[in-house]
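A.B. asks: Sequence isn't available, so here's the structure alone:
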């Protein structure tokens, strides 16, 4: 690989309002571990992203460094606070969005689901191996015909003696074709939405990696077909009884998406700032041009706003006072701003902005996925609107 002409990947620890200046030592230690991991992983990620290959060894590495648990208490691992989990998500996403999504899937969705709704035996079997990266998990809710309206899912789980028999299709399932266990959401005989643990080597479980993606290319999403997949009754998650339980997991991960968006936005802002200092045009650095300074000031103001959203909600989450629509607001705000900042940064780098070696284009494209998953902007808008008006605008 040729050496890049500009070095724009070095972290600058941007914190204009000193939002993170006085965080507790354990939270800062978790952030430090994530920084070490990101420094190791970042030099590899452009190649994996370009080849659309999943770096499984890096997922494992995050597990050995206790970066996957996303604030879930797992026996034998140092617990992380809500703030520490957010900082880890932010830092890893500052490096790469695919790796940030590994945390979102493995910790935010799969670990959280089993921890909240699993039996003691299920927690003993899966939490440790998943948190340590020894096993990979998937969370299968979205279906080919049901994304934003996932409550209308059509996958079925029919009780047959001592087994459940699952039939249906799922789409956009991270780790669904390369993992070990999938949390499958399906309707039981009473029409209730229940969660089931489905080992991916079960007969009738067919998963195909989705190709042709221009975003999050270094993590595999799958289209899954469940053809009379038979699992024992013991694989039913006993605590997950309605879609309201499913939503509890999704609300928690929405705040994680806001942290991830902050990481992406930090990366593109710092790349633009560093590039403006290194790049010379018309006999002077770009940083000396008024238009460039105006753009940087705007980007910094929006980045600071994103930091405040995340930091404040982490505090509310830690004491159990975060409301679901507050998480929706954070995701709504931060993913929109991350998209905007990435577009500005891409433009500021000119032609160099489309080169993977300068990282901005990878972040810009990866942000498109986090803008959509865990609830689109439109859905978050309607959730917030319903909360403030008391009127539902859902069809």
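C.D. replies: Ah, there it is. Quick caveat: nothing in here was measured; it's all calculated off a predicted structure.
A.B. asks: Can you spell out the domain ranges of the chain, please?
C.D. replies: In the domain annotation for the chain, the residue ranges read 25-131, 137-235, 243-389 (automatic domain parsing).
A.B. asks: distance between the ends of the longest one?
C.D. replies: It refers to domain 243-389. Using C-alpha to C-alpha, to the nearest Å, the end-to-end distance of domain 243-389 comes out at 24 Å.
A.B. asks: How about the second one?
C.D. replies: Start-to-end span of domain 137-235 (C-alpha to C-alpha) is 14 Å.
A.B. asks: Off-centre distance for stretch 290-299?
C.D. replies: Mean-position distance between stretch 290-299 and its chain equals 29 Å (C-alpha atoms, centre = their mean, to the nearest Å).
A.B. asks: Mind listing what's buried along it?
C.D. replies: 292, 295, 296, 299 (16 or more other C-beta atoms under 10 Å). Using the backbone N, CA and C atoms, a C-beta is placed for each residue, glycine as well.
A.B. asks: which outside residues touch it?
C.D. replies: The list of residues contacting stretch 290-299 from outside it, by C-beta atoms under 8 Å, 6 or more residues apart in numbering, reads 269, 272, 273, 276, 286, 287, 341, 344, 345, 348.
A.B. asks: Those residues into TSV, with extra columns for distance to residue 241, secondary structure and neighbour count?
C.D. replies: Output for the contacts of stretch 290-299, formatted as TSV (distance: C-beta to C-beta, whole Å; DSSP: H, G, I helix; E, B strand; the rest coil; neighbours: other C-beta atoms under 10 Å):
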residue	distance to residue 241	secondary structure	neighbour count
269	44	helix	24
272	48	helix	26
273	50	helix	21
276	54	helix	20
286	57	helix	22
287	57	helix	16
341	41	helix	29
344	46	helix	19
345	45	helix	29
348	51	helix	23
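A.B. asks: Can I get those in CSV including distance to residue 364 and pLDDT?
C.D. replies: Formatted as CSV, those follow (distance: C-beta to C-beta, whole Å; pLDDT from 0 to 100):
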residue, distance to residue 364, pLDDT
269, 12, 98
272, 12, 98
273, 16, 98
276, 17, 97
286, 19, 97
287, 21, 97
341, 9, 98
344, 10, 98
345, 8, 98
348, 12, 97
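A.B. asks: and which of these is nearest to residue 84?
C.D. replies: Proximity of those to residue 84 (C-beta to C-beta) peaks at residue 269, which lies at 22.8 Å.
A.B. asks: now the domains of the chain in CSV, with distance to residue 4?
C.D. replies: What follows is the domains of the chain, written out as CSV (distance: least, C-beta to C-beta, whole Å):
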stretch, distance to residue 4
domain 25-131, 10
domain 137-235, 19
domain 243-389, 4
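A.B. asks: circling back: can you tell me which of the buried residues of stretch 290-299 end up in helices?
C.D. replies: Among the buried residues of stretch 290-299, the members found in helices (DSSP state H) are 292, 295, 296, 299.
A.B. asks: Of the residues you listed, which is the nearest to residue 39?
C.D. replies: Scanning these for proximity to residue 39, where the rule is C-beta to C-beta, the winner is residue 299, at 23.5 Å.
A.B. asks: Nearest residue to that closest one in space, ignoring adjacent ones along the chain?
C.D. replies: Distance criterion C-beta to C-beta, 6 or more residues apart in numbering; nearest residue to residue 299, sequence neighbours excluded, is residue 269 at 4.8 Å.
A.B. asks: I'd assumed residue 68 was in contact with residue 89.
C.D. replies: No - counting by C-beta atoms under 8 Å, residue 89 stays clear of residue 68, with 10.6 Å between them.
A.B. asks: which residues do these two both contact?
C.D. replies: Listed contacts common to residue 89 and residue 68 are residue 103; contacts here mean C-beta under 8 Å, 6+ apart.
A.B. asks: For the buried residues of stretch 290-299, name the two members farthest from one another.
C.D. replies: Maximum pairwise distance in these, criterion C-beta to C-beta, is 10.6 Å, between 292 and 299.
A.B. asks: At which residues are the strands of the protein located?
C.D. replies: 137-140, 156-160, 163-174, 181-187, 193-199, 205-209, 221-232, 280-281, 284-285 (DSSP state E).
A.B. asks: tell me the angle the fifth one makes with strand 181-187.
C.D. replies: What it means is strand 193-199. With axes from the mean of the first three to the mean of the last three C-alpha atoms, to 10 degrees defining the directions, strand 193-199 sits at 150 degrees from strand 181-187.
A.B. asks: one step back: and the gap between the residue nearest to residue 299 and residue 296?
C.D. replies: To residue 296, residue 269 is 8 Å away according to C-beta to C-beta, to the nearest Å.
A.B. asks: Look up how far residue 299 lies from residue 276.
C.D. replies: Residue 276 is 11 Å from residue 299, by C-beta to C-beta.
A.B. asks: now do residue 200
C.D. replies: Distance, residue 200 to residue 299, using C-beta to C-beta: 42 Å.
A.B. asks: One more: residue 322?
C.D. replies: Taken as C-beta to C-beta, the span from residue 322 to residue 299 is 27 Å.
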